[in-house]
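> sharing a sequence plus its predicted fold:
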Amino acid sequence: MNHRNAAPGRTFDIAVIGAGVVGSALAREFTRRGASVALLDARGDVGDVTSKANTAILHTGFDAKPGTLESTLVARGYDLLSDYAARAGIPTEPTGALLVAWNEDEYAALPGLAEQAAANGYRHTRMVGADELRRREPHLGPGALGAMEVPDEGIVCPWTTTLAFATEAVRQGATLLLETTVTGVDTAGEDIVLRTGRGDVRARQVVNAAGLASDAVHRMFGHGGFTVTPRRGQLIVFDKLARSLVDHVLLPVPTKMGKGVLVAPTVYGNVLLGPTAEDLDDPTATGTTEEGLAMLREKGARILPALRDEEVTTIYAGLRAATEHGDYQISFHPEQGYVCVGGIRSTGLTSSLAVAEYVAGVMAEKMGLRPAPETASEPPAMPYIGQAGPRPSADPACVARDPAYGEVVCFCERVSRGEIRDALAGDIPATTAEGLRRRTRAGMGRCQGFFCGAAVRRMLEDGAGTPVPAEVAR
Ligand SMILES: Cc1cc2nc3c(=O)[nH]c(=O)nc-3n(C[C@H](O)[C@H](O)[C@H](O)COP(=O)(O)OP(=O)(O)OC[C@H]3O[C@@H](n4cnc5c(N)ncnc54)[C@H](O)[C@@H]3O)c2cc1C
């Protein structure tokens, strides 16, 4: 399937700029409502910028700023994504979170945070004393005075989430245009013309979900009012042997710079430490730094001292689309046929479905979009890549059906040839080793592809060599 050729001569009802988790959720919602949609992204894959590099917490929204749109959409997004994930097979784990107080000031702040949670409509917080805390998290460092439990926080697979939304959108008729960077817009005619390196894309309406570039795209439409300052978050992923050290997401008491450094299990069976919060100028600065990692190591050793001795599997960094405002930057410009869905900073994975529901609702009211259908959509059945459930190679019925699922290629992550083959032939096929990793976990284990790299690359090259239709425009 070729997701790169622009669609000359065609006018879409809606063009969505940005195929991150938010743009993909929007495209899914618009196609559900019968709109013809072009989903454009500068990168070669969906979810290839901030949506692939976050902390992957399914937030309840307990600590959002009450009264903000973000607070409403995170809470709603939590419910929507929890339900969708269960139906689509997106890995999630209901770990719960413990917000740990390490000094008297932090301890004194906990009741205020419980009140804030209640103001956000979340009433399940509970205070946990030092003894109970130690019983439930025996590897916690010395000095923890107590915690606030947030039992409904969880963890989710960010990669399958974006891929599921985009897959559903494509199955519902969206045209996915990858490696298609919007460089300018022409709003003079009846349709909006998006100038891209692959030719013009015409649409009656345009929705800007360009993440870190959402302010730049907003300016193309003649608007200002916010500037994105990329806020980098560096993270360390520890080996699966560290997984037994922690049961909950261990959160710090938040500061005004953000949620702070946490330790969390991942749905892939690892342990995550991070993120940092560094304001930068460069929207491509996704490298890690010695100082950032040293700071994380120091904080991690305080939270969970045994982490010091655990092997690091990988490190990465993502950039939040932070702005000077304390809320998402969503605005509607019906006179132009333009909507901005920008500044979706540190909670957009959780809120994505609610952002799409909200935006589509307002567009139905003001911009002629059809209402949502009465019946719930049927999400695609996504290949399960979590650690909590069985992978195909461990499922005798699966292997009996197709022996390729029994041929393990990546031994660290137990990924079979059948799964890699499927990812290369999916609705949105993997075209790079990284894309394959996000769809199957191949190469993301302890050896980081040292043993399986050559075999995976060979399959990738063979897969890439299969002929594809000239254009995908359903
Ligand atoms: C360190 C970190 C931790 C986080 N932790 C969590 C968490 O635990 N839970 C949670 O819910 N959220 C979390 N988030 C936030 C979440 O990851 C983001 O809110 C979400 O991914 C934003 O999605 P998006 O689609 O708006 O942006 P992106 O994923 O950045 O997508 C925007 C897309 O637009 C494309 N684009 C940009 N300009 C153009 C152009 N001119 N033409 C074509 N395409 C263009 C880009 O290529 C990109 O793919 C975290 C973020 C970070 C960085």
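Alright, I've got the coordinates.

> as a whole number, average confidence for stretch 451-468?
What stretch 451-468 shows for mean pLDDT is 76.

> would you mark the buried spots in it?
Of the residues in stretch 451-468, 451-452, 456, 459-460, 463 count as buried by neighbour count, 16 or more other C-beta atoms under 10 Å. C-beta coordinates here come from the backbone N, C-alpha and C atoms, glycine included.

> which residues touch that stretch?
Around stretch 451-468, the neighbours that count as contacts under C-beta atoms under 8 Å, 6 or more residues apart in numbering are 1-2, 409-412, 415, 417, 420-421, 424-425, 429-433, 436, 442-443, 449.

> just those: which are in helices?
In this view, those that belong to helices under DSSP state H are 417, 420-421, 424, 433, 436.

> which of the residues you listed lies closest to residue 349?
Nearest to residue 349 among the ones in helices among the contacts of stretch 451-468, counting by C-beta to C-beta, is residue 436 at 21.1 Å.

> the nearest residue to that closest one once chain neighbours are set aside: how many residues sit nearby?
The shortest distance from residue 436 to any non-neighbouring residue, by C-beta to C-beta, 6 or more residues apart in numbering, is to residue 430 (4.1 Å). Neighbourhood size, residue 430 [other C-beta atoms under 10 Å]: 25.

> change the start of the numbering to 52 and stick with it
Okay, using 52 as the starting number, the last item reads as residue 481.

> so which strand or helix has residue 74?
Applying DSSP states H and E as the criterion places residue 74 in helix 72-83.

> now do that helix: distance to the chain's middle.
The chain centre lies 14 Å from the centre of helix 72-83; the measure is C-alpha atoms, centre = their mean, to the nearest Å.

> and that helix, average pLDDT?
What helix 72-83 shows for mean pLDDT is 98.

> can you pull out the residues in contact with it?
Here helix 72-83 makes contact (C-beta under 8 Å, 6+ apart) with 64-65, 67-68, 70, 88, 90, 92, 97-98, 102, 209, 212-213, 216-217, 219-220, 223-225, 258, 260-262, 392, 395, 399-400, 403-404, 406-408, 410-411, 420, 423-424, 428.

> show me the domain layout of the chain.
53-103+209-278+376-417, 145-203+279-373, 443-524 (automatic domain parsing).

> confidence score at the residue of the stretch 302-451 of the chain found nearest the ligand?
Here the residue of the stretch 302-451 of the chain nearest the ligand is residue 399; by C-beta to the nearest ligand atom that distance is 2.3 Å. Residue 399 is assigned 98 on the pLDDT scale.

> and for it, the neighbour number?
28.

> what's downstream of the helix or strand hosting residue 352, the next helix or strand?
Secondary structure from DSSP H and E places residue 352 in helix 341-354. Sequence-wise, the next helix or strand downstream of helix 341-354 (DSSP H and E) is strand 363-373.

> get me the contact residues on this protein for the ligand.
With the criterion set to C-beta under 6 Å from any ligand atom, the chain comes near the ligand through 68-74, 91-94, 99-102, 105-108, 110, 232-233, 260-264, 268, 284, 326, 369-371, 395-401.

> selection in ChimeraX covering whichever of those residues are buried, please.
The buried subset of those, as determined by 16+ other C-beta under 10 Å, is captured in ChimeraX by this line:
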select :68,69,70,71,72,73,74,91,92,93,94,99,100,101,102,105,106,107,108,110,232,233,260,261,262,263,264,268,284,326,369,370,371,395,396,397,398,399,400,401
